[in-house]
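Asks: I'd like to go over a predicted model; first the sequence, then the structure.
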Amino acid sequence: MTSPLLAPLREPRFRALVTGRTFADFANAVAPFALAFAVVDLTGSAVDLGIVVGARSIANVLLILFGGMLADRLPRSVILQGTETAAALTQATIAASVLCGFTSVPLLVGLSLVNGAVSAISLPAAASLTPLTVPAPLLAQANALVRLLSNVGRIAGAGLAGVLVAFAGSGWALAGNAVLFLAAALSYRRIRLPRGERIPGSRPLGELAEGWREFRARSWVWLVVLQFMIVNAVNAGALLVIGPLVADDTFGRTGWGLALATQTAGALLGGVIATRWQPRRMLLVGVALVMVDALPMLALGETPYLLPLLFAMFLAGVAIEQFGVAWDVSLQENVPPEKLARVYSYDMLGSFVAMPLGQIAAGPLAEHAGRSATLLGGAALVVGATAIVLLNPQVRGLVRRAPVSPGAPG
């Protein structure tokens, strides 16, 4: 009898997918950490840091719909091979600029824009590929396993980034990051899908309109996306801009790396829980648990010490992973496969559109209102947005279509 957690690994295409996504998430855990401290070392300005990290999110917003349209038109594994190779090249260039001493804020902004564009094209393809690599009864386990192993990569990436930045510098961390992106590209080469599963396209504007109709037809979809416009904007400012500055003044850069790794460790446990505990109203439970994401901001704002922050980050990781699995399963069970990537792209657009605002605004807000007040205000926004979404009848009433008993044989 195969463990329900490991059952999807019997599928060769799924093994290739999960390997590629794990490498990519390993690399993506290193990148923002190393880039943030490269900017801090270069200028020490919260405003500059917000502009650099915000540039990547701006490119995400501008091109995410294009990425969803491509993923519903072209072989998704080929898209992922190309985008991960391009990410490797951009990160290698940033690493060279830091190591060779010719880096600058405009250069980092430009390369971050390119990297964000590449990410925008890859995200819908990666998210919508899972249902094509496993049988339908294994969909929840497959999503949980993808997220669980991706979180293993994030734990390793955050831990490695903290050590490399502290002892070798941000340049070497970025160089290792480029190698990991290349490994992801090589893994995606092993995914082979039958021609019938590659969905032909029509006119681009017609395809986008069709995806929009699917997206807006379900209030539970667009309401949760609106919720995450707020949640992601707040987190982007708190954890990518203010967090590193608080860490520099208190418990140090290695401690901040440990905090990020601890959050991912919580997500790892959350993934294990999600394979065993699959409530009929998965979406309701997942959305409610998003409130826990306010705890790291409360810890940074009120008690900027390492131990309380580690506890808060761990709990937030467990909670957000429950939401992530519930969200993926809800979309994949209720949206037609040939439109799934486009719905994911609208989801990602809505979720990402406010992130540049959060990142760019966090520095000035922290300088004028104070770091503590900015962080506490962000925590209140997360709790308030989540409470409003929980009032929606579709969010409360959506149930699993084909739940599978965790104890069933694989």
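Replies: Received it, and whenever you're ready, just let me know what you need.
Asks: Now name the helix or strand holding Arg213.
Replies: Take DSSP states H and E as the rule and Arg213 turns out to sit in helix 204-216.
Asks: Name the next helix or strand downstream of that helix, please.
Replies: Downstream of helix 204-216, the first helix or strand assigned by DSSP H and E is helix 219-237.
Asks: Tell me which other helices or strands the helix or strand following that following helix touches.
Replies: Past helix 219-237, heading to the C-terminal end, the next element that is a helix or strand (DSSP H and E) is helix 243-249. With contacts defined as 3 or more Cβ pairs under 8 Å, 6 or more residues apart in numbering; DSSP states H and E, the secondary structure elements packing on helix 243-249 are helix 12-42, helix 46-73, helix 253-276. All C-beta spots, glycine's among them, are computed from the backbone N, C-alpha and C.
Asks: distance of Gly116 from Pro124?
Replies: Summarising the geometry, the distance separating Gly116 from Pro124, computed by Cβ to Cβ, to the nearest Å, is 14 Å.
Asks: same thing with Gln263?
Replies: Gln263 sits at a distance of 25 Å from Pro124 (criterion: Cβ to Cβ).
Asks: Those two: who's more crowded?
Replies: Comparing Gln263 with Pro124 by neighbour count (other Cβ atoms under 10 Å), the higher total belongs to Pro124, at 31 against 27.
Asks: next SSE after the helix or strand harbouring that one?
Replies: Secondary structure assigned from DSSP H and E places Pro124 in helix 105-129. Tracing the chain past helix 105-129, the next element assigned as helix or strand by DSSP H and E is helix 139-167.
Asks: Mind giving me the packing neighbours of that following helix?
Replies: Helix 139-167 packs on helix 12-42, helix 170-188, helix 253-276, helix 306-334, going by 3+ Cβ pairs under 8 Å, 6+ apart.
Asks: tell me which residues in the first one are buried?
Replies: Right, helix 12-42. Of the residues in helix 12-42, those scored as buried under the neighbour-count criterion (16 or more other Cβ atoms under 10 Å) are 13-40, 42.
Asks: now swap in the last one and tell me
Replies: For helix 306-334, the buried set under the neighbour-count rule, 16+ other Cβ under 10 Å, comprises 306, 308-310, 312-334.
Asks: gap between stretch 350-370 and the chain center?
Replies: Shown here is stretch 350-370, whose average C-alpha point lies 18 Å from the average C-alpha point of the whole chain (Cα atoms, centre = their mean, to the nearest Å).
Asks: For it, which outside residues touch it?
Replies: Defining contact as Cβ atoms under 8 Å, 6 or more residues apart in numbering, one finds that stretch 350-370 is touched by 45-47, 49-51, 53-55, 57-58, 60-61, 64, 222, 225-226, 228-230, 232-238, 240-242, 245, 374, 377.
Asks: Now it: average pLDDT?
Replies: pLDDT averaged over stretch 350-370 equals 80, rounded to a whole number.
Asks: returning to what we had before: which among the contacts of stretch 350-370 end up buried?
Replies: Neighbour-count burial (16+ other Cβ under 10 Å) is assigned, among those, to 45-47, 49-51, 53-55, 57-58, 60-61, 64, 225-226, 228-230, 232-238, 240-242, 245, 374.
Asks: so what's Ile388 closest to, chain neighbours aside?
Replies: Gln227 (7.6 Å; Cβ to Cβ, 6 or more residues apart in numbering).
Asks: Thanks a lot, see you next time.
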